[in-house]
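>>> Compute the structure for the input listed below.
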Amino acid sequence: MIIDAHVRLGVGREVALSVDDLLATMTELGIDRALVAPDERCTAFANREGNETVCRAALVSGGRLAAYAVANPWAGPRAVDDLARARDAGAVALAVDPVLQGFDVLDGLLDPLLAFASEQDWFVYLRTGTPPSALPLPVATLARRHPELSFLMGRSGATDFWIDAAPALRYAPNLYADTSYAPWDTVLSEFARDEEIGTDRCVFSTDAPYTVPRAELARVQDWKGITEQQRAGVLGGVVAHLLGRHLPPRWS
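Prediction:
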């Protein structure tokens with residue numbers, strides 16, 4: 001089972017991805033399932049619209065897609081209400097982008113959303129790589145503050161902050177790495193050979209439509225120095241574990 005752990009549906013500033021195009025690409029590449037998040041605009045402020053879009057996409061996908069929920073923490077109690085609506089519509093995890101949403105990960109603004117995610121037993125995808133508010137080490141500190149949650153470090157600091165990804169993973173045992181953009185001969189290999197990290201904390205993601213999905217899949221399929229069992233974990237087993245009781249029936 002190959003699961004793409006993060007895709008954004010809709011129209012962004014430079015790219016766009018429709019449900020039909022995503023499903024066609026998945027079929028072509030042999031990607032069985034994908035977790036889908038709202039596009040940039042809907043992540044930033046049109047949260048309810050974005051959540052409705054991805055939950056509807058998941059509903060009509062024949063079990064191939066599952067939805068992230070988004071909410072801008074600046075909305076206060078309404079943000080939590082939006083997450084609850086998304087949960088009721090089928091969302092299975094929380095996606096956060098501190099750059100698009102305009103906050104520092106350590107300023108406490110996100111705490112009510114993290115509390116909700118903890119109550120739902122959701123994992124949290126948090127995009128990194130853009131200074132000053134979305135970097136691996138602050139995200140690791142956030143993860144240490146919330147040991148009850150699992151965090152997926154979106155893009156693993158790509159690209160200028162890859163150097164901080166492994167130290168961040170060592171610092172926070174509940175932090176997981178995203179393979180998108182990360183070359184296996186340097187970044188991913190460091191994760192694999194480090195006893196404190198290992199491939200069981202690495203998650204395959206294309207981060208479409210910002211990447212070339214074929215290349216992102218090949219990055220893991222061609223990853224040298226790992227066993228086939230480890231590769232299977234990266235390609236789907238680890239994110240299935242993160243989903244836990246929210247793993248859709250057809251994804252097991």
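
>>> check contacts around Q101.
43-44, 72-74 (C-beta atoms under 8 Å, 6 or more residues apart in numbering). Glycine gets a C-beta too; all of them are placed from N, C-alpha and C.

>>> Return the member of these nearest to A240.
Closest approach to A240 among the contacts of Q101 (C-beta to C-beta): T43, at 24.3 Å.

>>> pLDDT weak spots in the stretch 1-150 of the chain?
Judged by pLDDT under 70, the stretch 1-150 of the chain has no weakly predicted residues.

>>> and the residue in the chain sticking out farthest from the centre, what does it touch?
Distance to the chain centre peaks in the chain at G225, reaching 24.7 Å (criterion: C-alpha atoms, centre = their mean). Going by C-beta under 8 Å, 6+ apart, G225 touches 189, 192-193.

>>> Sticking with it, tell me its helix or strand.
Assigned by DSSP states H and E, G225 falls within no helix or strand.

>>> what number of residues lie near Q230?
The number of residues packed near Q230 is 18, by other C-beta atoms under 10 Å.

>>> Tell me the secondary structure of it, please.
helix (DSSP: H, G, I helix; E, B strand; the rest coil).

>>> measure it to F191 for me?
Distance from Q230 to F191, counting by C-beta to C-beta, to the nearest Å: 11 Å.

>>> anything in contact with each of the two?
Going by C-beta under 8 Å, 6+ apart, residues that sit against Q230 and also against F191 are T199.

>>> before we move on, the earlier item: could you report the separation of the residue farthest from the centre of the chain from L188?
With C-beta to C-beta as the criterion, G225 and L188 are 9 Å apart.

>>> go on, D21?
D21 is 27 Å from L188, where distance means C-beta to C-beta.

>>> okay, these two: which has more neighbours?
Remark: of D21 and L188, L188 carries more neighbours, 24 against 13, as counted by other C-beta under 10 Å.

>>> Just confirm that one is within a helix.
Yes. Judged by three-state DSSP, L188 forms part of a helix.

>>> Could you find the closest non-adjacent residue to it?
Nearest residue to L188 in three dimensions, chain neighbours excluded: A182, at 5.3 Å (C-beta to C-beta, 6 or more residues apart in numbering).
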